[in-house]
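[1] When you get a sec, could you give me coordinates for this:
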Amino acid sequence: QLYDWYDQALVATASTKSVTLELSSYRAELDWVRSLTPPDTPIAFCHNDLLAANILYNDNPDPTDPRVIQLIDFEYGGTNYVAFDI
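    Numbering: from 1, shown residues only. Have a look, this model is predicted:
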């Protein structure tokens, strides 16, 4: 998606009516970031804000009521690399 944005930004900034946007190093940075990630890295829905405050743990000693971990606050949730939250 960033590559699509980059291509659109190049077209938009070619117009004399557009505000100057420095894109000269952006493509090289995108390529560098992509080189750090193996091409077969799986992408899935991730929490993207997995702080201790967003994890609820029910430490109920009752053996009939299982201990439960719940994640809350999914406002930043979206697609990302599966290992992002760990």
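[2] The chain: strands as residue ranges?
    43-46, 55-58, 68-71, 78-81 (DSSP state E).
[3] So which of those is nearest residue 4?
    strand 78-81 (14.6 Å; Cβ to Cβ). For every residue, glycine as well, the C-beta is placed using N, CA and C.
[4] And the closest residue to residue 84 other than its chain neighbours, how far from residue 61?
    In space, and not counting its chain neighbours, residue 84 is closest to residue 46: 5.0 Å by Cβ to Cβ, 6 or more residues apart in numbering. Residue 46 is 32 Å from residue 61, where distance means Cβ to Cβ, to the nearest Å.
[5] quick one: which of the two has more around it?
    Between residue 46 and residue 61, counted using other Cβ atoms under 10 Å, residue 46 has the larger neighbour count: 19 against 6.
[6] Turn the strands of the chain into a markdown table, including mean pLDDT and distance to residue 14.
    Below are the strands of the chain laid out as a markdown table (pLDDT from 0 to 100; distance: least, Cβ to Cβ, whole Å):
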| stretch | mean pLDDT | distance to residue 14 |
| --- | --- | --- |
| strand 43-46 | 92 | 32 |
| strand 55-58 | 88 | 47 |
| strand 68-71 | 88 | 44 |
| strand 78-81 | 90 | 30 |
